[in-house]
Structures are given as C-alpha cells and as structure tokens.
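Engineer: Output the structure for:
(4 chains)
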There are 4 protein chains.
Amino acid sequence: MAAAVVRGGPAGWWRWHRRVAAMVCSRAMASKTPVGFIGLGNMGNPMAKNLLKHGYPVIAYDVFPEACKEFQDLGAQVTDSPADVAERADRIITMLPSSPNAKEVYTGANGILKKVKKGSLLIDSSTIDPAVSRELAKAVEKMGAVFMDAPVSGGVGAARAGNLTFMVGGVEQEFDAAKELLTCMGSNVIYCGVVGTGQAAKICNNMLLAISMIGTAEAMNLGIRLGLDPKLLAKILNMSSGRCWSSDTYNPVPGVMEGVPSANNYQGGFGTTLMAKDLGLAQISATNTMTPVPLGSQAHQIYRMMCAKGYALKDFSAVFQFLREEENL
Amino acid sequence: MAAAVVRGGPAGWWRWHRRVAAMVCSRAMASKTPVGFIGLGNMGNPMAKNLLKHGYPVIAYDVFPEACKEFQDLGAQVTDSPADVAERADRIITMLPSSPNAKEVYTGANGILKKVKKGSLLIDSSTIDPAVSRELAKAVEKMGAVFMDAPVSGGVGAARAGNLTFMVGGVEQEFDAAKELLTCMGSNVIYCGVVGTGQAAKICNNMLLAISMIGTAEAMNLGIRLGLDPKLLAKILNMSSGRCWSSDTYNPVPGVMEGVPSANNYQGGFGTTLMAKDLGLAQISATNTMTPVPLGSQAHQIYRMMCAKGYALKDFSAVFQFLREEENL
Amino acid sequence: MAAAVVRGGPAGWWRWHRRVAAMVCSRAMASKTPVGFIGLGNMGNPMAKNLLKHGYPVIAYDVFPEACKEFQDLGAQVTDSPADVAERADRIITMLPSSPNAKEVYTGANGILKKVKKGSLLIDSSTIDPAVSRELAKAVEKMGAVFMDAPVSGGVGAARAGNLTFMVGGVEQEFDAAKELLTCMGSNVIYCGVVGTGQAAKICNNMLLAISMIGTAEAMNLGIRLGLDPKLLAKILNMSSGRCWSSDTYNPVPGVMEGVPSANNYQGGFGTTLMAKDLGLAQISATNTMTPVPLGSQAHQIYRMMCAKGYALKDFSAVFQFLREEENL
Amino acid sequence: MAAAVVRGGPAGWWRWHRRVAAMVCSRAMASKTPVGFIGLGNMGNPMAKNLLKHGYPVIAYDVFPEACKEFQDLGAQVTDSPADVAERADRIITMLPSSPNAKEVYTGANGILKKVKKGSLLIDSSTIDPAVSRELAKAVEKMGAVFMDAPVSGGVGAARAGNLTFMVGGVEQEFDAAKELLTCMGSNVIYCGVVGTGQAAKICNNMLLAISMIGTAEAMNLGIRLGLDPKLLAKILNMSSGRCWSSDTYNPVPGVMEGVPSANNYQGGFGTTLMAKDLGLAQISATNTMTPVPLGSQAHQIYRMMCAKGYALKDFSAVFQFLREEENL
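Structural biologist: Predicted structure coming up:
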C-alpha cells in the first residue's frame, strides 16, 4: 500500500504531473495496490474474482447492490458509486453492458471522473462503439488520467478459467501496465493500437464470425437438402477453401461435432442477443466511417430477426436451426 | 489394348451385360485402354495432358478445332464429335463450361449418347447444376452406361500440377474405377454420395468460400477505417473465431500476405466471373430445394455487380478493392 | 360447329397450311366452338366456369378426377388426358402450378402435343419460368400450332369475378384470337411482346411488389418504434415519394386500412408461399440473364424464411407481422 | 417591433414565465419580428430568401462568411456566431448538414444555447438522427425555450419555389407558431407528433423511397433483359400492384419519362450521397430501436457502394445505370 501513499503526497503530485504529460506511467511498480472493478455481471463477476485470486485487493461497485454482496464476503471493499471507486483506486477496470452504461459510469453525476486521481489507469473491457471509447478517452485525458479500451473475446467459461483474450487500444507506453492486470484474467493480451482499436478489432472479428457462421449454416443446410451427409460435407469443407472456425471448431449442425452448443440444443455458448448487439456496433461503426458492409449488415438483420423469433438466449450457431425449419404447409 | 478387343467380342458382350445389370464394373483392370476427353479449355487442356503423361491413350474432342491441334501433336487421336469419342473409348471424361454445353455434349445430335457403348464410364468434371447431373445420369443409365459427376476444386495451376481435388457423386461400386483415372489429375478424390452430390459439395464449398471472402474483405476494410493495421488485424482474426481460409491463406488485402492474388493486383487465381457462375448454380439449387440462403444470394449479387464493373477477370478476392474504393466527391 | 368441320376437310387443310405459315389465324370467327381447359385448381376452376358462362363448350381435364366432377355436372366434357383435350378442341387454356407440370401437360407421354391439331391455339396461363414458356412455344410451333403465355394477376376473387389481368406474350397476329377467350375471364388483357414476355411482365411486377411490400413493412415498423402513429405515417408516405401500392392500397399494418388482409389477420389475399414461388422464378430468370437483383433476391429469402416459420398460407403482407414480432427475452 | 420591446420588459418577463411553464406560445402574434437563420447552404439559402420575401427581417449566420455576404446585400443582419443570432432573434431556423453540425450550432462554445432567450422558438430543419433531435430538445427545454424538428422533403428546386414539405415534431401547442414561418418556405406543413417524429417521418419515407427505387430499377432491368419494351413495362407496372412513385413519377430508365433526372443523364434531383446519408440515419435509428430492416440496410449498402463508384453527385435514380452496366469480358 506504500505506493498509494506516495501517490497522494506532494512529491507524488510532481511525479504524476510529469508522468501524465508524457502519458508514460510507472504504475507497474505499484502492483498489489487496490484495483477498482465496476460492473459485476455475468462476465465481470468471474473476472473480478480472478483479480482477487492473484492477490489484488478489489474495490467493487455494481449498480445492483446484490451483485456486490458476494464480493464483500470475499474481502473486497464495496462502494456506493463509481466516483467512490475512483477515490480509492488508481487502477480501475470497467465491464458494462452498453455504451450508455459506460458513459454513465465514467461521466455521470457520480461517475469515475468526478473523483478520478491524476495518473490513474482506467481500463474499459465493455464492448461498445469505438467512437464512444474515443470520447471517454478524451474526457479521461482532460482529468490527467489514462484510458484504454480492452474488450474481451471468450464467454463466461473463459472468464472463469482466466483465459479470455483482451484486445487493447490506447497509448502504447501504458500497455505493460494494463497487461499486468489483464493477464490475471486472460491468457492472451493483444495490443491493437490507439484508443478504440481494441473495440475495432473485437467488432471486426465478431462481424466476420457472424458472417461465416451464417454462411456455414446456409452451406450445410443446402448440402443436406441436395443429398450430402452432414459429417462428410463438414469434412470436405474443412479440407477445402470453405474452411472456417464455424465449420471446423463450432459446427452448427447437430451430430457433426461433440462438445459444441449444436450438440446440446444450442444451450450455452455465445447468445444470439449478444451477437446482435455486436453486429449493431459494427453497423454503426460502418455507417459512421462510410464503409460498405453488405453481408455484415445482412447478418445483423438475421440475428435481429432471430431474437424476435425466440432465439435470443440460444447460442448464435442456432442460425442453422432458424434457417432449417421445415415449411409447414 | 487386349482388353479393348475383349470388350468388343461376343464373350465381352455377355460380360458387359452382366456388369451393367449390377452396375459394378471391372474397368479398373482395363487400364491403359484409351480414355476419351471432351472439352480442352483452360482446365481440360492440362488435365488431358496429365492423362497422357500417365500413359493413357487419349481420344480428344473440343468444339474449337484449334484446341485439339496441340493434342494431335502429342499423339492423341482427335475426333469430329462427342459421338465419335464414345465410339472409340469406353471411359470418357468431360470438362465443359456450363449446363447447356454439358447437355449438348451428352444428349445433342452428335452427343455421346448417340454411340455410347454399354458399360462405359462417363465422368463429368464440369461444374453444373446438380439437377442437370441427375438428368444426364438418367439418360446415360438408359443406355446401359454409368455416369458420375466429379467437379474439381483448384484452378489452372492445380490442374497443371495434377493436384486438383475431385468431389465425386455416383454409384459407389464405380468409384474405384473413376478414381483410377482421376488420381492422374488430382491428389484428392473424395466420394460424396449418389449422383449430383459431387456438384452439391463443390457448390456448397464455393458458396461458403464466397461468403467468407466477402466477409473477410468487409471486416478488414472496416478495421482499417477504424485505425487498425491490416497485418495486425489479420493476425488477430486468425487467432480468433473470425479465422477462415480467406483470412489465413488467401487474404484479400494487399500487403498482408505474399504469393496470393492480392499481392499481385488480383491477377491469376479464381476469376470473379467463375465465382459468379458457381454462385448462380448455388442460387438455382437453393431455389429448387426451397432452401433459404440469405448471405449466399447476396454474395451472388455482389459478384454479379463486380462482373459488370470491370472485375470479371480479376481474382475473386478483388472484392476487397471493390468495397474499398474511395468516394470521389 | 361448322367451322370445326371445315377445319378437318381438305380445303381446311390448305387453309391451315397457309395460316400456320403466316401464324395468322382466323379462329376468331370460330367462336363458340369448344375450348379445352386443363388444370381446374383454385384458379382454373372459376376461370373455366366463366368460359362456360360466356357460352363456350368446355373440354376439361385435371390430374385429380374429383376436380373434374363438378364440370361434368355443369355440362362440360371431361377427358382422360391432355392429349384427349387436344384431339377435341383447337383452342386450349392451361392453368398449372409449376414449370414441371406445364412441361408434362404439353410434352409428356399423354401430353397435348401428342394429338394437337395444326393451327390450334394453346394459351398457358400458368406462372412459370419464361425460358420454359419459350421452350414449350418451340415444341408447339414444330407441330404447326400456336403457343401464347398469358399469366394472370389477381387472385381467386378476381378469377371468380372475371376481372383478372392477363399479360400475354406471343405472335402479335394471334393476340386478338387469344383476347376473345381471355376477356371472358379478365377485364384487362395486355399484349406484352414475343413469347415469354407475359411471364416476364408478371415476374417483374411481382418482384417489385414483394420489394415494396417488405419496404413498406420495414418503414411502418421503424416509424412506429420511433413514435409515429401508423395511420399518420401511412398518410405522410402516401402524399410523399415513398408512396406505393403496398402503402396506399394494401397497407400491411393492422388498423390502417379496412378491407385488406392486414385488417383480417392476414387471411385471404395472395399467399406467402405463392409469392415465394414467383420470387424464385424471378431469381432464376435473373441468374440466367446475369441481371443483378440485390433486393429481389433478398425479398425471395425473406419470403422463403417466412414460409418456414408458419406464414406459408397467410397473405404476403404478413411480412409486417414477421418483422414486428417482439423480442422475448 | 413593439412586441419585441414587450418581450424584453418586466411585464414581458412575467408573460414568458407563464408561457414557458405551459409551453404554449403567443409568438404567432409577434409576426414580422426578426427571424434567425443559421446554415445558408444549398437549401438554407433559398429558404432564408423566402423568409425575406415574406417580409421577415432575417438575422443570418453561416460558418462560411461568404455564404452570408449575399444576405447582407439583401438587407439581412449578419452575425458572428449562433449565440449572436440567439441574442437578437427569438425565433430561429437552423438548416445544417449533419448531426455533429447541429450539436455544435446548438450546444457548442458559441452555440445558440449560450444566449438563447427564454420562450424562444428554435426550429431545426436539418435531417439528423431523431435521437439527436430529442437530445437537443432536452437541452433547449432546460433553457426555457422550445425546440421543434422540421426536416424537409423536396430539393433545391422546391426550396426556391417555396413548396417544400415540412414534417414537424414537437409540442403540439407550438405547431401554429412554427407553421407561420414554415409556410413561407413550404406548401405542406405536417404535424407528426412529439419531438423527433418529424425526423422519423422523413427517414421512414426516404428509406421506403430508396427501397422502391432500387426495386424499380431491378424490375425494369430484368424485364428489359427478358425482352420487354421499357415503356410498356412501366405502363404495366403502373396499372398493377408494382406501382410506386419511383415507377410512375420518377422512372429511372432513360426514355420512359420526360422531365426526370433519368432523361437528363441523372443530373439534378436528389443526390446519391444525400440518399446514402439518410439511409445511414435510418440504419442507426433501426439499430437503436432493434428494428429489423433487411431491405433498408441493403439499400444503404448499395447507395454506399454507388458513392464509391463515382455516382455520389448523380441523382439517386442512377441506381438503374449502376445495376445495368454491361459485363465487359
């Protein structure tokens, strides 16, 4: 905790002043000082627990008090607002469901920025519009602190196992400091570039994932209707140019692979409603940058329609079932 | 050539009679008897040459006499019509550009069926509508001969090198006989099921390929516009769930990989016009089987528009360039 | 009946010979001679009855004998095959569900062409692929008879009321002869051009109809979610550039108009499965003519998916309900 | 000008207080007091001139000083910032190219809200995201003033002729006050509902317009390739269920109609880049409200691709040319 004391003192102030100017931070030395964690939902909960496991004191906050209770029992300090977290920790991780939530947590009436300390490192692992990440980064910089976007790939299982992938955007000199924390929760921490590029990488990957998953479902369905055995067709695709993660690792056709959601009535996995959300972000980013994404936008519409037809909570590979359903004349 | 004499003789007739009844053929024993080859275009030319290299006498025909001349010089026997080929060879390979050509070559006024010998093995390596393959198979069976569809994957380079992939549909007992010939021209010969399933496998693979290629182009383009370095983005996709053949083996963005068409101004490779043709076949198959293929049909439209905008002869990965072109206000 | 006798005599033969050469026919004089009618389904039944009402003796055939019984009671002559119809009538109307049925009725083992008389006028009111219409026309011409395609617009109600619209393709000199019969069943008979253009006109109209219906459903749904009153929005669209038949005459939103399927739980009207069929024909025609139809192909996919989701027999304006359904998280 | 004096006096203050509380305004009585106009571009220029013609003193501002010069010569008072306009006029019309511009003009450092007078009526005729309109309305209301969104339909020609259509969203009691000004510039002023519904109506109309224009282009192109005469096909569509504004009033095929952009090489009219912008707004609104718009999003992509292919400044009906271009093999 010594480092934290230094941080508050006058000598510390001077050091922060210089550091912030250069945006180069020695926070890495300050390990095992408390880490703030805001957003203790399905993903945030196991992530924060992994921080605790690695010996970091956690200062916790969630808009739902019941989400915090478990952490109190685990020895974390629970606060009343994001501002309070910022008062007590100079490294904070946020994990929130959407852009408006992120804005509220950072710039709201009781937001982090109300009490953020100069030189603090704020890492947002939410998946949000990269334009919002850049906006937040600007507001954070004005306060003399550092903002990085670090969305994750991998679901609740990976969060529990501590092997998420983090895609990180922000000032490169701060990357090591961020990595120190993120490696407690993930096995892969990739530096992507300036602020917002972490989001960009995640959004682009998930857009391509959605497209190739729907494409795999269409190709498998068409092949089956043309008389091919599904396992054989999958084998052929996987040794040919149609091969993709959705065909060789996460095949959407029941009976082709074991241990994937299609083998378990599309339970678990990555929910259709979450995919629809990510595709919405891709759509907005594409619109704002005037980038044509004809298949990406169509994939968005298909997952949107699936949500409305009862697939919201099923794994996104259920698009095979959605497209396959028989006509009922 | 002894075997061929036997085939023509009366004892041979009796054997054929039995064989055709069972549709099980001992042609495999008859190796090095002449093989007919109809269609000596970009693909057929190197394929027929590989048969010659493996010691098979070739009986050749092409609708353009000049395409045959080279084969005359190489010692092949050139004929005046598909019917003439059928008169002189009881194993024939056809490699034609489209369904109408295939119909003409098999069932036309001077088509194979005018003079086909009972028990002949007719292998069609054209990429055509599986429904047409089934139609041809029926007509061939009526004449007491055997039809298999065996479309290829791999372009002119693979045809020259003899490492095409053949996807074969037809009676399973005939597969070995077909394989004997096809292995002279390809390194992979896959049995797919009843007649038409070779076409089905090829069409499904290429539809998924087109979808994931366009998806890769969209995702790479969007990422670049959002500030990501293309090589880094490709690396991230390839270690994540967006990974596909188009991203890790045939990346469409210039500068990301070497030795692919995108590194060479999209020359060579698999032409946009050919991809548009295959997607048209997928579309027709999907329409006829009432299979929804929302992304497959959109991919078809995009390659169709590209053809009209000057990309017809460029590699199909040029969709990246097509989508990327800057606005010119 | 006198004219029919003349038709059979030697002088008649000479006249036919001249007539067929010129493809100009005096059949119009021959009114009230029998008219053949093949295909007595939902549409054919009321159409044939309207011919009877106008005093034409009808020679009837349907593949389902029970469909003919009613006509026997009404005084029509029922036959055993299309060939038999052709033997007894030199003007025949066919109304069949699909291209394969039409091929069978014309060129099948007991098809019209087996016994068609020279100079006969064969009018096909089925909605089929224009390429098939052209094929049939060629086969019919070879027999010295005349073929016209005359698909209808308007559903069962219009068929009963005798106010269908016929779009007619074929030799222009024959148009008056066709019109004589078609006006008994329709209020609008439009000459479209050479054989196949009747189908083309119908297919193009229905493709545009499907596109603007889905577009209307999307725009109304979006407007409602953005806070607009549906009736007001419809009024605004109808006085603006978004106006279309689907918005001003057949609005898909319940409560906006009376007397349309959307006011009656999407019962009656033009079934989703029929629209999907017509869009399939448009798709095949577009593929064959290399015409890009990005929205037409997407509309096809949407109606295809609706069929699989229980909308097959609902009016095609139910796409509003399909898109509107609320998420059920 | 008397009324203005009253506005500033103490009694006036009391009146404003009451008025703002009720959000019911007697500004209508105050006609011929100055009207602010911000944004003097292609559309704003003729609109502001029409206000002058109707005798309203105009207080003008544009970010480009040269845009104001003409107005100085016409007797308008030119100011240095939106704030200055707000200081001198209590009725202001804004006509800006995009959401960020609108935000800047209203809430920027020298924005209207810096000096807006209580009770002022602020009418935004820009076409922007309805969510931004609602945001601006909230900020304006906090200052005790009134905000209405009033986007226009009709282009530069209609702006000059004073027959634009205004779609107005906001508090209903203020509608008459807004209408007084808007009728100087338009022939149609429609009340749509709460703030943002003016934008919503415009966006929905233009989305449906884009869809039916592309649909018309596809249907006309397909029909022509299937052998139909374009004028005849247009006539058939217009008497059938495919009829829409794009087919009967603004047909995109050269030679079908006179006096439309397709008759003049697609010059003039409504630019492709503007349509792409409106479709982007529709896309964002649909994403935010989770509304599936499969054809709307595809239309967006098509106009986006057209912009990149040199069509940005051509009329949006040029999509016919874009889809029609011949293959060049």
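
Engineer: use CA for all of it now, contacts and neighbours both
Structural biologist: Noted.

Engineer: Please enumerate the strands of chain A.
Structural biologist: A:35-38, A:58-61, A:77-78, A:91-94, A:121-124, A:146-149, A:152-153, A:164-169, A:186-193 (DSSP state E).

Engineer: what are the pairing partners of the third one, and which direction each?
Structural biologist: So that's strand A:77-78. strand A:58-61 (parallel) (DSSP bridges).

Engineer: cool, the fifth one as well?
Structural biologist: Strands that pair with strand A:121-124, judged by DSSP bridges, come out as strand A:91-94 (parallel), strand A:146-149 (parallel).

Engineer: So which of those is the most surrounded?
Structural biologist: With neighbours defined by mean count of other CA atoms under 10 Å in any protein chain shown, none of the strands paired with strand A:121-124 is more surrounded on average than strand A:146-149, at a mean of 28.

Engineer: Alpha carbons only: can I get that strand in CSV?
Structural biologist: Presented in CSV, the C-alpha positions along strand A:146-149 are these (Å, rounded to 0.1, in the frame of the first residue of the first chain):
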residue,chain,number,x,y,z
VAL,A,146,-5.2,7.3,-18.8
PHE,A,147,-8.0,5.4,-20.6
MET,A,148,-7.6,2.1,-22.5
ASP,A,149,-10.3,0.1,-24.2
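
Engineer: and the strands paired with strand A:121-124 as JSON lines, adding mean pLDDT and distance to residue B:292?
Structural biologist: Putting the strands paired with strand A:121-124 into JSON lines (pLDDT from 0 to 100; distance: least, CA to CA, whole Å) gives the following:
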{"stretch": "strand A:91-94", "mean pLDDT": "98", "distance to residue B:292": "41"}
{"stretch": "strand A:146-149", "mean pLDDT": "98", "distance to residue B:292": "38"}
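
Engineer: Now render those strands as TSV, adding distance to residue C:207.
Structural biologist: Conversion of the strands paired with strand A:121-124 to TSV gives the following (distance: least, CA to CA, whole Å):
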stretch	distance to residue C:207
strand A:91-94	50
strand A:146-149	46
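
Engineer: can you tell if the biggest helix by length in chain A touches chain C?
Structural biologist: What stands out as the longest helix in chain A, according to DSSP state H, is helix A:197-225. No: Helix A:197-225 lies out of reach of chain C by CA under 8 Å from any CA of the partner chain, never closer than 11.6 Å.

Engineer: how about the residue in the stretch 101-250 of chain A that chain B sits nearest to, what does it touch?
Structural biologist: Residue of the stretch 101-250 of chain A nearest chain B, by CA to the nearest CA: residue A:244 (3.9 Å). Residue A:244 is in contact with A:212, A:238, B:242, B:243, B:244, B:245, counting by CA atoms under 8 Å, 6 or more residues apart in numbering or on different chains.

Engineer: Lowest average confidence across the strands of chain A, which one?
Structural biologist: The stretch with the lowest mean pLDDT among the strands of chain A is strand A:152-153, at a mean of 92.

Engineer: Tell me if I'm right that residue A:102 and residue A:93 touch.
Structural biologist: No: contact criterion CA atoms under 8 Å: residue A:102 and residue A:93 do not qualify, at 11.5 Å.

Engineer: What count of nearby residues applies to the residue in the stretch 101-250 of chain A positioned nearest to chain D?
Structural biologist: At 12.2 Å from chain D, residue A:129 is the closest residue in the stretch 101-250 of chain A, using CA to the nearest CA. Neighbours of residue A:129 under the rule other CA atoms under 10 Å in any protein chain shown: 22.

Engineer: what residues are up against it?
Structural biologist: A:99, A:199, A:281, A:282, A:284, A:285.

Engineer: one more time with 7 Å, if that's ok
Structural biologist: A:99, A:281, A:285 (CA atoms under 7 Å, 6 or more residues apart in numbering or on different chains).

Engineer: out of the contacts of residue A:244, who has the most neighbours?
Structural biologist: residue A:212 (34 neighbours).

Engineer: That residue contacts residue B:212, correct?
Structural biologist: Yes: contact criterion CA atoms under 7 Å: residue A:212 and residue B:212 qualify, at 5.4 Å.

Engineer: Please parse chain A into its domains.
Structural biologist: A:2-193, A:201-324 (automatic domain parsing).

Engineer: Could you single out the most deeply buried of the ones you listed?
Structural biologist: Among those, highest average neighbours (mean count of other CA under 10 Å) belong to domain A:201-324, with a mean of 23.

Engineer: next one: it to chain centre, how far?
Structural biologist: What separates the centre of domain A:201-324 from the centre of its chain is 19 Å, taken as CA atoms, centre = their mean, to the nearest Å.

Engineer: The stretch 51-200 of chain A against chain D: which residues are in contact?
Structural biologist: Not one residue of the stretch 51-200 of chain A sits near chain D, judged by CA under 7 Å from any CA of the partner chain.

Engineer: Poorly predicted segments of the stretch 51-200 of chain A, please.
Structural biologist: For the stretch 51-200 of chain A, not a single residue meets the criterion pLDDT under 70.

Engineer: so where do the helices sit in it?
Structural biologist: A:65-73, A:82-88, A:99-107, A:130-142, A:156-161, A:175-182, A:197-225 (DSSP state H, counting those that start in this stretch).

Engineer: Could you check the angle the third one makes with helix A:130-142?
Structural biologist: Yep, that's helix A:99-107 we're talking about. With axes from the mean of the first three to the mean of the last three CA atoms, to 10 degrees as the basis, helix A:99-107 and helix A:130-142 are set at 0 degrees to each other.

Engineer: How about the contacts made by residue A:134?
Structural biologist: A:195, A:196.

Engineer: now residue A:316: how far from residue B:256?
Structural biologist: Residue A:316 sits at a distance of 30 Å from residue B:256 (criterion: CA to CA, to the nearest Å).

Engineer: got the contact list for stretch A:140-148?
Structural biologist: A:20, A:113, A:117-124, A:137, A:168-170, A:195.
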